[in-house]
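Colleague: One predicted model, sequence on top.
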Amino acid sequence: MNLNRVPSFLFKNPTAWLHIHQTLIEAIRGTGNNNPILVEGWAWGQDAASWGENEVNSAILGFGDQIDGAYENIIFSHHVYDQWRGSTDRLKNYVDGVLEKGYALVVGEYSTENNDKSTMPATESMFEVNVPRGVGRIVWTWIGSGCGDGRSSAALNAKERVIFIPPIAI
């Protein structure tokens, strides 16, 4: 189960990000439920909290121990969109940092566009970094994602290329 798919209201508020996730996990685990729980990074799920090539300000890297260390069956997730357009090395350092902590990680969303801006550079970096490391990924599409009505052949063809054919040779 995914607790908070796009925690945008927690942007730059790590204490609130941590508290809301601990509260929700406690409520779920308090019922005896031990299903996997997906915990999204902050900043609209992208967990970078910045755009460009500067350092990542990650809730998962900064506060993940307080969640992963306290509860079982936790999977961390981040989205790969415009906050990851900066450089492949930036994404690589982030993913390696999460995996070095022993956390389970998945790319909870990625796509070809976000708010009418191309996210292909970030998507290409995502394939380059995540596939060799065995990090799973979930493509995202919706009518308001910048691909017109989502039903045009151009929009579907762009999505199909990203879903089925990685844009780089792995």
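Modeller: Cool, the structure landed.
Colleague: List the residues that contact the residue nearest the centre of the chain.
Modeller: Centrality entry for the chain: nearest residue to the mean C-alpha point is H78, 1.5 Å, by Cα atoms, centre = their mean. Going by Cβ atoms under 8 Å, 6 or more residues apart in numbering, H78 touches 40-41, 45-48, 60, 94, 105, 107-108. Any C-beta I mention is one placed from the backbone N, CA and C, and that applies to glycine too.
Colleague: What segments of this structure are strands?
Modeller: Remark: strands assigned in the chain by DSSP state E are 37-40, 74-80, 104-110, 113-114, 117-118, 136-137.
Colleague: Can you tell me which of the ones you listed has the worst average pLDDT?
Modeller: Lowest mean pLDDT of the strands of the chain: strand 113-114, a mean of 76.
Colleague: Within its sheet, name the partner strands of that strand and how each one runs.
Modeller: Here strand 113-114 has these sheet partners by DSSP bridges: strand 117-118 (antiparallel).
Colleague: coming back round to it: next one: the residue nearest to the centre of the chain from D47, what distance?
Modeller: With distances taken as Cβ to Cβ, to the nearest Å, H78 is found 4 Å from D47.
Colleague: next one: M120
Modeller: 20 Å.
Colleague: which of those two has more neighbours?
Modeller: Legend: neighbour count by other Cβ atoms under 10 Å for M120 and D47, higher for D47 (29 against 16).
Colleague: For the more buried one, what are phi and psi?
Modeller: Dihedral pair for D47: phi 60, psi 10, per degrees, to the nearest 10.
Colleague: Spit out the contact partners of it.
Modeller: 40-41, 56, 58-60, 78-79, 94.
Colleague: what do you get for Q83?
Modeller: For Q83, the contacting residues are 43-44, 46, 48-51, 122, by Cβ under 8 Å, 6+ apart.
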